[in-house]
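**Student:** I would like to see how this sequence folds:
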Amino acid sequence: MNQFNATLTPDDPEHMPPARRRRARRLLAPLEPDERTAFIDVIAHRASPSFDFFLFSVIAALVIAGGFIVDSSALLLLGALLAPRMAPAVGLALGTVLGSGRFFFKSLIGLLVGGLLVFGTGYLAGFAAHSRLPLSLSQAHLIAQLSWWDFLVLAVGATLTSIFMVRSEQSAAVPSVALAYELYLPLSAAGIGLGAGEPFLFPDGLVVFALNLAWAALFGALALAIIGFRPLTLFGYTFGGVIALLGVILLIGISGAGAVFGAQIALPTPIPTATPTATLTSTPTLTPVPPTATPTVTVTPTLTATSTLTPTPTATPVLALVVAGEAGGAHLRAQPNFQAPSLALLANGSLVQVLPDAPVEESGNVWMLVRTSDSKVGWILQTLLSTATPAPNW
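**Tutor:** Presented below is the predicted three-dimensional model:
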């Protein structure tokens, strides 16, 4: 085997006790203290950010920003492929599991500097394209939403990247693409949202990035702990426990808040008040009765009944106001579900016309088809509308 594999176990494993020999075969980290220290130094060097990390972060950020501007998922995937190996993310996990505050914050600063380059590139691209190109940014809005499928991809990517970084630095390139996709794309979407003045996109992208980073550090630390990495001192156990606890709190807190604001759960919903509408009542008209004939020789003309026009009431258009509470507005979607692309973001107080199409119920949510003041037609949640002119069976 190669030199790396020779350092994983002692030189003479046959003279070890059977229990220790079985443990040495299961773990990737060496058992002897001197070998363990040297091995950790090698992994720490691999996980440290280099100049190439920042250079390829800028190149990937340019491609990702272009993919968001033209709404191309292929360019977004290309940007993730061009991104560098997310070694600082593995450094966060290694610093956590070893209890090394110095290495943890060194990796965190390197990752934040690379993320700042991605965010700044997205901001400049959004600012430059805002006044020159019509931007829909539907891909950016999809990326800036919390999804359990993204968490699953991130967990697998963080676990495999951490394990492969221990085995070989080159073999970590493929799973690192998943980390780059889940970390760099929401950060670039946040920058484009801030530069283009797109509401909700800037804070949503930052929240998704922070949550994904905590998720990646936790799963990377768990993977390293399983393959044999342990803190070297009592302080290391304390530091690692604090970091893991903060990550879990951040994971639960932000994911819960995202679910509340994304689905309007546990938020007060405005109750529309009924407005009386005057109804037209038909008024009977008198029909002239022809006079009776008189016994005379002369012919008496008879009167002919003349029909009168009865006014027919016309349907009153149903108008409604967007009232989304603290969220500040609501998405107008192309289809009646949360996965459909967003056609527009309607601020609180926007007036829309509710079309007579039947409401659609999907996963316990009722969607209404509406038309905006600029003639855009799409679907919006019924609970986010307060009717100005209610219709029957609203």
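
**Student:** Residue 201: what's it in contact with?
**Tutor:** With CB atoms under 8 Å, 6 or more residues apart in numbering as the criterion, the residues that contact residue 201 are 137, 140-141, 144, 189-190, 192-194. For every residue, glycine as well, the C-beta is placed using N, CA and C.

**Student:** which of those residues sit farthest apart?
**Tutor:** 141 and 194 (14.1 Å; CB to CB).

**Student:** Restricted to buried residues, select the contacts of residue 201 in PyMOL.
**Tutor:** Filtering those down to the buried ones (16 or more other CB atoms under 10 Å) takes a single PyMOL command:
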select buried, resi 137+140+141+144+189+190+192+193+194
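
**Student:** Secondary structure, distance to residue 87 and pLDDT added to the contacts of residue 201, as CSV?
**Tutor:** Below are the contacts of residue 201 laid out as CSV (DSSP: H, G, I helix; E, B strand; the rest coil; distance: CB to CB, whole Å; pLDDT from 0 to 100):
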residue, secondary structure, distance to residue 87, pLDDT
137, coil, 30, 88
140, helix, 27, 90
141, helix, 30, 91
144, coil, 25, 90
189, helix, 23, 94
190, helix, 23, 94
192, helix, 26, 93
193, helix, 28, 91
194, helix, 27, 92
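
**Student:** Out of the contacts of residue 201, flag the one nearest to residue 130.
**Tutor:** Proximity of the contacts of residue 201 to residue 130 (CB to CB) peaks at residue 192, which lies at 9.1 Å.

**Student:** what residues are up against that closest one?
**Tutor:** Counting by CB under 8 Å, 6+ apart, residue 192 makes contact with 65, 68-69, 122-123, 125-126, 137, 140, 198, 201.

**Student:** just the residues you listed now: which is nearest residue 347?
**Tutor:** Nearest to residue 347, judged by CB to CB, of the contacts of residue 192 is residue 198 at 12.7 Å.

**Student:** burial count for residue 82?
**Tutor:** Using other CB atoms under 10 Å, residue 82 is surrounded by 17 other residues.

**Student:** typed the wrong thing, it's residue 317
**Tutor:** Neighbourhood size, residue 317 [other CB under 10 Å]: 13.

**Student:** per-residue confidence for it?
**Tutor:** On pLDDT, residue 317 comes in at 76.

**Student:** Quick check: nearest residue in space to it, chain neighbours excluded?
**Tutor:** Using CB to CB, 6 or more residues apart in numbering and skipping the chain neighbours, the partner closest in space to residue 317 is residue 353 (5.5 Å).

**Student:** which other residues reach the helix or strand that contains that neighbour?
**Tutor:** Assessed by DSSP states H and E, residue 353 sits inside strand 351-354. Contact partners of strand 351-354, identified using CB under 8 Å, 6+ apart, comprise 317-322, 346, 368-373, 380, 385, 387-388, 391.

**Student:** Could you rerun that using 6 Å?
**Tutor:** By CB atoms under 6 Å, 6 or more residues apart in numbering, the residues outside strand 351-354 that reach it are 317-320, 368, 370-372.

**Student:** mind listing what's buried in that strand?
**Tutor:** Buried residues in strand 351-354, defined by neighbour count with 16+ other CB under 10 Å: 352-354.

**Student:** Next: stretch 192-207.
**Tutor:** Those would be 192-196, 198, 200-202, 204-207, for stretch 192-207 by 16+ other CB under 10 Å.

**Student:** Reformat these into TSV and put distance to residue 327 next to each item.
**Tutor:** As requested, those are exported to TSV (distance: CB to CB, whole Å):
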residue	distance to residue 327
192	21
193	16
194	19
195	22
196	20
198	15
200	8
201	14
202	15
204	11
205	16
206	16
207	13
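
**Student:** can you list these in JSON lines and add distance to residue 41 and secondary structure?
**Tutor:** What follows is the buried residues of stretch 192-207, written out as JSON lines (distance: CB to CB, whole Å; DSSP: H, G, I helix; E, B strand; the rest coil):
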{"residue": "192", "distance to residue 41": "40", "secondary structure": "helix"}
{"residue": "193", "distance to residue 41": "41", "secondary structure": "helix"}
{"residue": "194", "distance to residue 41": "40", "secondary structure": "helix"}
{"residue": "195", "distance to residue 41": "42", "secondary structure": "helix"}
{"residue": "196", "distance to residue 41": "45", "secondary structure": "helix"}
{"residue": "198", "distance to residue 41": "45", "secondary structure": "coil"}
{"residue": "200", "distance to residue 41": "45", "secondary structure": "coil"}
{"residue": "201", "distance to residue 41": "42", "secondary structure": "helix"}
{"residue": "202", "distance to residue 41": "40", "secondary structure": "helix"}
{"residue": "204", "distance to residue 41": "40", "secondary structure": "helix"}
{"residue": "205", "distance to residue 41": "36", "secondary structure": "helix"}
{"residue": "206", "distance to residue 41": "34", "secondary structure": "helix"}
{"residue": "207", "distance to residue 41": "36", "secondary structure": "helix"}
